[in-house]
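Participant: quick one, what's the 3D model for this:
(one chain, ligands or ions: 2)
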Amino acid sequence: MSQFQCKYCGNSASSISSLTAGNCSRHPLGSNSGKHSLYEGSEKTKYSCKYCGGTASNISSLTGSSCSRHPNSANKGRHEPAL
Ligand SMILES: [Zn+2]
Ligand SMILES: [Zn+2]
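Facilitator: Numbering: from 1, shown residues only. Ligands and ions are numbered 1, 2, ... in the order given. Now for the predicted structure:
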């Protein structure tokens, strides 16, 4: 069964519409300032940040910390999973 995940926080839902109906606590504009956004990559055993290459076993733990190579400047944003 495939799950749809948010690329910002790793929240998962059984459909895209239910995923994107909820507010995202790790939205780049601020906590709950926007909806979950679909992670369009495949499910992996290990996720890499597309900015710095940091890895984690799931999106939730990857996006739980800030990224030292974030394009908005160091630590101004969270890691973002590569597709
Ligand atoms: Zn989210
Ligand atoms: Zn990173």
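
Participant: tell me which stretches of the chain form strands.
Facilitator: 4-5, 12-13, 47-48, 55-56 (DSSP state E).

Participant: name every strand pairing with the first one and say which way it goes.
Facilitator: Applying DSSP bridges, strand 4-5 is found paired with strand 12-13 (antiparallel).

Participant: all helices for this protein, in order.
Facilitator: Under the criterion DSSP state H, the chain contains helices at 16-19, 59-62.

Participant: Ser65 against Asn75, yeah?
Facilitator: No. Between Ser65 and Asn75 there is no contact under C-beta atoms under 8 Å: 9.1 Å. C-beta here means a position set from N, CA and C on the backbone, and glycine is covered the same way.

Participant: now the strands of the chain in JSON lines, with mean neighbour count?
Facilitator: Below are the strands of the chain laid out as JSON lines (neighbours: other C-beta atoms under 10 Å):
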{"stretch": "strand 4-5", "mean neighbour count": "21"}
{"stretch": "strand 12-13", "mean neighbour count": "18"}
{"stretch": "strand 47-48", "mean neighbour count": "22"}
{"stretch": "strand 55-56", "mean neighbour count": "16"}
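
Participant: among those strands, which comes closest to ligand 1?
Facilitator: strand 4-5 (8.5 Å; C-beta to the ion).

Participant: wait, does the closest one make contact with ligand 1?
Facilitator: No. Judged by C-beta under 5 Å from the ion, strand 4-5 makes no contact with ligand 1; its nearest approach is 8.5 Å.

Participant: average pLDDT across that strand?
Facilitator: For strand 4-5, mean pLDDT is 96.

Participant: and stretch 76-83, by the same measure?
Facilitator: Here the average pLDDT along stretch 76-83 is 95.

Participant: show me where the chain dips below the pLDDT cut-off.
Facilitator: For the chain, the stretches flagged by pLDDT under 70 are 1.
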